[in-house]
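Trainee: Prediction below, plus the sequence it came from.
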Amino acid sequence: MLKTRPPLLYAACAALLALVGATATAPGAVAGPGLTQAASSARAADIPTPEQHFGFAMGTEGKLAAYPDVLRYMKLIAERSDRVDYQAIGPTTMGNEYGTVIISSPKNLRRLDRLVEINQKLADPRRTTPEEARRLAAEGVPFYHLEATIHSSEVGNGQAINDIVHRLATEDSDFTRKVLNNSVVVLVPSQNPDGQHLIIDHFNRTAGTDYRRTYPDLYHKYTGHDDNRDWTMFTQVEARYRLALEKKYRPAIVHIMHQKGNTGSRIFVPPYGGITSENVPANMTTSVSAIGQHAARALAAAGKTGVGSLDYHIFWTLEQPVGYFPFTGSGVYLTEIASVTDYAYPQVSSDGRPLGPQQARMSLVEPYRSHTWTLADIVDYAKIATYAGMEYTADNGEKLLYDNLFAVPHEYLTKGVPSGTFAFVVDAEQRDPYATFEMLQRLEWTEVEIDRATSPFVADGKRHEAGSYVIRMHQPRGNWAHQVLGADRYPEVRDCGDCPVLLPYAEATTSLPLQLGVDVAEVRTPFEAQMERVTSVQPPQVTMPAAPGPKGAYLVRPESYGTVQIVSALQDANITTFRGGRAFRAQGADYPAGTYIVPATPQARNVLATASAKVGLPVTATDRAPKVPGVQLKPKTRVGLLRGVGNMPGGWDMWQFDQYGINYDVVGAQDFQRKSLNELYDTIVVSSGVSRDDIVEGLDPAEYDEAYSWAYGVGEKGWRKLQQFVRDGGTLLAIGDSVQTAQQLLDLPMKPALPEDDDEFTTGGSLLNQEFDPNHPVAWGMPESWPVWLYDTQAWELTDNSGQVVSNYPAEGEVLASGYLRGAEHIRGAANVVSFTVGKGQVVTYGSEITFRSLPRSQFNLLYNAIYHGPAAEVDATALQQLRPRFGPDRTVAPR
Ligand SMILES: [Zn+2]
């Protein structure tokens with residue numbers, strides 16, 4: 001049984017608890033109200049300017065301050081200023097330091113514990129009355145969470161913060177006094193420190209060479225640019241740090257600094273545009289609209305033009321920039337500044353016209369008239385927009401504390417959610433108990449109150465057993481719970497009769513139950529039930545059965561996506577593992593096709609005990625193995641991942657494989673030097689988004705040095721080796737966009753089913769119903785129907801009968817499960833997952849992105865089944881009953 005959260009999150013929380021106590025006194029602090037000017041000025045003299053520290057002014061053309069130097073600068077200022085503290089939070093994915101800089105008046109820093117306590121009380125309407133909240137709002141000050149870079153190629157903001165911190169630490173002016181006395185700034189110098197290392201180190205390393213200055217690969221090891229799309233599953237340690245900071249400090253305003261492309265306005269500030277979800281509290285959008293326009297005013301006053309608004313349609317789903325913040329009462333102030341060339345060189349107009357749109361309109365009051373845009377411009381705009389945000393927050397502290405931090409959760413506690421949903425019920429008995437655990441765990445991490453029924457009850461006319469979980473909407477996180485548990489119907493809204501439908505900025509749905517595979521009932525009618533509060537979400541407790549006799553075996557059912565962690569442990573320990581190819585009965589229980597059958601050795605018992613406890617999935621035993629035909633998994637199956645350089649789906653696939661202990665290597669160009677790829681791999685997984693060009697052309701050695709040689713092109717010869725890999729018995733699994741690549745590689749008899757025209761067919765990242773064939777080995781353990789995730793990849797039509805359809809979109813009935821779908825008729829009956837035999841090998845194509853950002857976990861087994869099934873050896877019923885292995889010690893198949 002897991003008694004703690006994953007160690008990294010636990011470590012993050014522990015670090016945060018420890019550091020709040022440590023900030024109480026700063027050296028040299030002088031008692032008394034407001035800033036102690038004499039002391040500050042004296043110390044300020046010891047603080048170098050960014051130019052003195054880095055050797056160049058922030059925004060200098062072609063110069064970027066390296067991230068370790070930025071951290072050193074922050075720590076130096078913290079050492080010498082009584083207005084600044086530096087706090088290390090923990091190690092990043094790649095072992096760098098994730099830290100925060102806390103900036104406020106010496107007096108506020110000394111009472112930081114009390115200020116945090118006030119925020120915590122405001123954020124908890126269960127123990128704070130509105131009257132008390134008024135008093136607390138008057139006593140406290142708002143926290144301004146400032147996040148400089150989450151997207152590591154957007155380097156300008158990471159430079160600007162050096163000037164910002166220097167100013168707040170050294171200047172004595174009405175402005176700094178106001179900000180320091182009336183707010184606390186929590187600066188995250190980088191939400192993705194690894195990327196700052198990767199991008200800026202590459203940039204500095206290539207100075208003076210003919211190589212390209214821009215970094216070609218993912219700037220977060222696993223997620224790349226998707227590091228900002230991890231706000232429901234919190235897979236990455238950095239996302240968990242942010243969540244912990246949010247829960248610790250309860251910022252009233254969260255300023256997230258971004259850069260964008262370089263064709264539009266020079267900076268975006270709120271108000272946002274597009275459609276908002278009714279789950280997002282109204283004052284979360286309006287309070288940041290006010291800040292955005294305060295910044296627009298400040299930019300205009302400073303003579304800056306090209307300030308745009310009414311853009312960034314981010315409030316429909318939350319995978320995108322906003323995440324959890326607004327649902328807790330933190331207003332999200334997003335700034336997006338136009339980028340330049342190669343991170344740090346001027347962008348100069350190529351058509352003789354000024355940069356950006358030139359027509360003045362309400363969303364761009366004063367167009368930018370210059371032909372040039374520089375890093376210095378980015379730094380300038382970033383500073384002005386930040387100072388304006390800080391000023392607004394300091395000027396409106398009491399209102400923000402009450403209206404945001406207190407009123408938002410209070411509204412949901414007292415009024416429930418706008419849709420009128422009363423509660424969601426999660427029955428205790430589920431197909432996949434591990435999925436249920438993972439879903440409830442995310443709710444727990446995001447402070448959703450979960451109750452468990454202690455006796456049966458009836459809700460909306462349906463009986464639910466004792467042990468069922470109930471998530472009521474009348475709770476401080478009611479809106480968040482509704483957002484992640486409910487199914488979505490994205491509305492068809494157009495700005496005019498002929499205008500196109502306003503599509504969501506990103507995904508059209510955020511449904512954890514459908515993504516993970518959990519049955520959840522949305523209940524509208526209030527009901528009574530005997531319940532207790534769940535204080536700790538843990539995987540179900542499982543115990544190993546008594547060891548069976550010598551001819552017996554252990555059995556593991558195939559339904560849960562958690563089973564891959566058991567299988568990879570068995571593989572790792574080189575333990576003989578069979579799968580039954582048909583349903584069977586053993587010791588009075590029914591087992592479906594695909595059930596794992598493991599000879600009952602003491603070593604197998606040990607491995608199964610540990611692995612099954614980790615995921616909470618039961619192992620059972622039988623005294624006699626079933627007499628069904630099946631397969632034996634190849635011991636130590638070797639998996640290759642063809643991920644594509646800079647390709648985010650490939651990064652997510654690496655995360656999954658690392659997380660679940662899959663024995664894999666990234667397929668590199670050097671592998672194609674071998675006589676045959678079969679020497680290295682049994683199965684090659686091609687991540688979504690890997691094209692023929694990525695494989696054949698790859699990166700150009702003239703542009704990228706040896707460090708990226710793994711991603712160099714392998715030419716036509718390499719392409720033929722990949723064909724030969726399959727014909728010689730290899731297994732090739734192509735996901736999403738890469739189905740096209742596999743089709744080209746092996747001339748698979750299939751063609752796209754969906755029209756290219758968006759007007760005919762669109763589904764902006766949605767969950768569509770799907771029918772599976774659970775008797776096909778690729779779909780063993782799958783339900784007969786459950787939604788799959790489709791974004792902008794294809795559905796397929798087979799052009800002959802040689803492929804086996806493993807799953808397809810329904811020919812009749814509702815196609816859309818959650819999100820948005822236009823042109824359902826085009827996808828009806830189309831194939832999604834298809835299995836082909838090519839030569840001696842196997843190919844499986846997955847039209848939908850079954851591993852998309854690690855979200856559609858209910859579909860993971862379609863991949864894991866195939867990874868191990870292709871290289872597996874067939875075993876007849878008698879041999880399986882006798883548990884006779886077919887692989888010899890050298891992993892070759894013994895003749896039957
Ligand atoms: Zn960005």
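Mentor: Yep, that arrived.
Trainee: Show me what from the chain comes close to the ion.
Mentor: 151, 154, 258 (C-beta under 5 Å from the ion). Backbone N, C-alpha and C define where each C-beta goes, glycine included.
Trainee: how about TSV for those, with neighbour count and pLDDT added?
Mentor: Listed next are the residues of the chain next to the ion as TSV, based on neighbours: other C-beta atoms under 10 Å; pLDDT from 0 to 100:
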residue	neighbour count	pLDDT
His151	23	95
Glu154	22	97
His258	21	96
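Trainee: Okay, and which of these map to strands?
Mentor: If you go by DSSP state E, the residues of the chain next to the ion have His258 in strands.
Trainee: how about the strands in the stretch 1-150 of the chain?
Mentor: Taking DSSP state E, counting those that start in this stretch, the strands of the stretch 1-150 of the chain run over residues 84-91, 97-103, 143-147.
Trainee: That should have said the stretch 351-500 of the chain, apologies.
Mentor: Assigned by DSSP E, counting those that start in this stretch, the strands in the stretch 351-500 of the chain fall at 372-373, 423-426, 451-453, 457-459, 462-464, 469-472.
Trainee: Adding mean neighbour count, write the ones you listed out as a markdown table.
Mentor: What follows is the strands of the stretch 351-500 of the chain, written out as a markdown table (neighbours: other C-beta atoms under 10 Å):
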| stretch | mean neighbour count |
| --- | --- |
| strand 372-373 | 18 |
| strand 423-426 | 23 |
| strand 451-453 | 19 |
| strand 457-459 | 18 |
| strand 462-464 | 15 |
| strand 469-472 | 23 |
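Trainee: Nearest to Gly847, out of those strands?
Mentor: Judged by C-beta to C-beta, the one of the strands of the stretch 351-500 of the chain that comes nearest to Gly847 is strand 423-426, at 30.1 Å.
Trainee: Work out the sheet partners of the closest one and label each with its direction, please.
Mentor: According to DSSP bridges, strand 423-426 forms sheet pairs with strand 469-472 (antiparallel), strand 520-523 (antiparallel).
Trainee: Show which residues not belonging to it make contact with it.
Mentor: Strand 423-426 has contacts (C-beta atoms under 8 Å, 6 or more residues apart in numbering) with 436, 439-440, 459, 464, 468-473, 481, 485-486, 513, 518-523, 527.
Trainee: ok, of those residues, which come out buried?
Mentor: Using 16 or more other C-beta atoms under 10 Å as the burial test, those include 436, 439-440, 459, 464, 468-473, 481, 485-486, 513, 518-523 as buried.
Trainee: Buried residues, stretch 808-821. List them.
Mentor: Here stretch 808-821 shows 808-810, 815-821 as buried, counting by 16+ other C-beta under 10 Å.
Trainee: didn't Met782 look like it was pressed against Glu771?
Mentor: No: between Met782 and Glu771 there is no contact under C-beta atoms under 8 Å: 9.8 Å.
Trainee: Spell out which residues are contacts of both of these two.
Mentor: Ser807.
Trainee: follow-up on the earlier one: tell me the two of the buried residues of stretch 808-821 that are most distant?
Mentor: Between any two of these, the greatest separation by C-beta to C-beta is 20.6 Å, found for Asn808 and Tyr820.
Trainee: can you count the residues close to His826?
Mentor: When neighbours are counted by other C-beta atoms under 10 Å, His826 registers 16.
Trainee: With adjacent residues omitted, what lies nearest to Pro526?
Mentor: Leaving aside its sequence neighbours, Pro526 sits nearest to Phe422 (C-beta to C-beta, 6 or more residues apart in numbering; 5.1 Å).
Trainee: Who are the contact partners of Asp590?
Mentor: Shown in contact with Asp590 (C-beta under 8 Å, 6+ apart): 583-584.
Trainee: same thing with Ala795?
Mentor: 752-754, 809, 826-827, 830-832, 847-848.
Trainee: Looking at these, which are in strands?
Mentor: Reading strands off the contacts of Ala795 with DSSP E, I get 752, 831-832.
Trainee: Most neighbours among those residues, which one is it?
Mentor: The most crowded member of the ones in strands among the contacts of Ala795 is Asn832, carrying 29 neighbours; neighbours defined as other C-beta under 10 Å.
Trainee: Specify the local secondary structure of the residue nearest to the spatial centre of the chain.
Mentor: Nearest to the mean C-alpha position of the chain, counting by C-alpha atoms, centre = their mean, stands Asp230 at 2.1 Å. Per DSSP: H, G, I helix; E, B strand; the rest coil, the secondary structure class of Asp230 is coil.
Trainee: Now whatever residue of the stretch 201-350 of the chain ends up closest to the ion. Nearest residue, chain neighbours left out?
Mentor: Residue nearest to the ion within the stretch 201-350 of the chain: His258 (3.5 Å; C-beta to the ion). Using C-beta to C-beta, 6+ apart and skipping the chain neighbours, the partner closest in space to His258 is Glu336 (4.6 Å).
Trainee: The residue nearest to Gly420 when sequence neighbours are not counted: what's it in contact with?
Mentor: Nearest residue to Gly420 in three dimensions, chain neighbours excluded: Arg524, at 6.2 Å (C-beta to C-beta, 6+ apart). Taking C-beta under 8 Å, 6+ apart as the criterion, Arg524 is in contact with 420-422, 460.
Trainee: Please produce a ChimeraX select command covering the buried subset of those.
Mentor: Listed next is the ChimeraX selection for buried residues among these, using 16+ other C-beta under 10 Å:
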select :421,422
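Trainee: Mind putting the buried residues of stretch 808-821 into CSV with pLDDT?
Mentor: Putting the buried residues of stretch 808-821 into CSV (pLDDT from 0 to 100) gives the following:
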residue, pLDDT
Asn808, 98
Tyr809, 98
Pro810, 98
Val815, 98
Leu816, 98
Ala817, 98
Ser818, 96
Gly819, 93
Tyr820, 93
Leu821, 95
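Trainee: returning to that earlier point: now the strands of the stretch 351-500 of the chain as TSV including mean pLDDT?
Mentor: Output for the strands of the stretch 351-500 of the chain, formatted as TSV (pLDDT from 0 to 100):
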stretch	mean pLDDT
strand 372-373	98
strand 423-426	98
strand 451-453	98
strand 457-459	97
strand 462-464	97
strand 469-472	98
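Trainee: hmm, back to that, Met782 and Glu771: who's more crowded?
Mentor: Met782 (28 against 19).
Trainee: Name all residues that make contact with the nearest residue to that one once chain neighbours are set aside.
Mentor: Sequence neighbours aside, Phe772 is the residue nearest to Met782 in space, at 4.2 Å (criterion: C-beta to C-beta, 6+ apart). Counting by C-beta under 8 Å, 6+ apart, Phe772 touches 779, 782-786, 806-807, 833.
Trainee: Any of these buried? List them.
Mentor: Counted by 16+ other C-beta under 10 Å, the contacts of Phe772 give 779, 782-783, 786, 806-807, 833 as buried.
Trainee: and Lys415, how many neighbours?
Mentor: With other C-beta under 10 Å as criterion, Lys415 counts 11.
Trainee: Please report the distance of the nearest residue to it once chain neighbours are set aside from Met284.
Mentor: Nearest residue to Lys415, sequence neighbours excluded (C-beta to C-beta, 6+ apart): His474, at 7.7 Å. From His474 across to Met284, the span is 19 Å (C-beta to C-beta, to the nearest Å).
Trainee: if you count what's nearby, which of these two comes out ahead?
Mentor: The neighbour count for His474 versus Met284, taken as other C-beta under 10 Å, is higher for Met284 (24 against 15).
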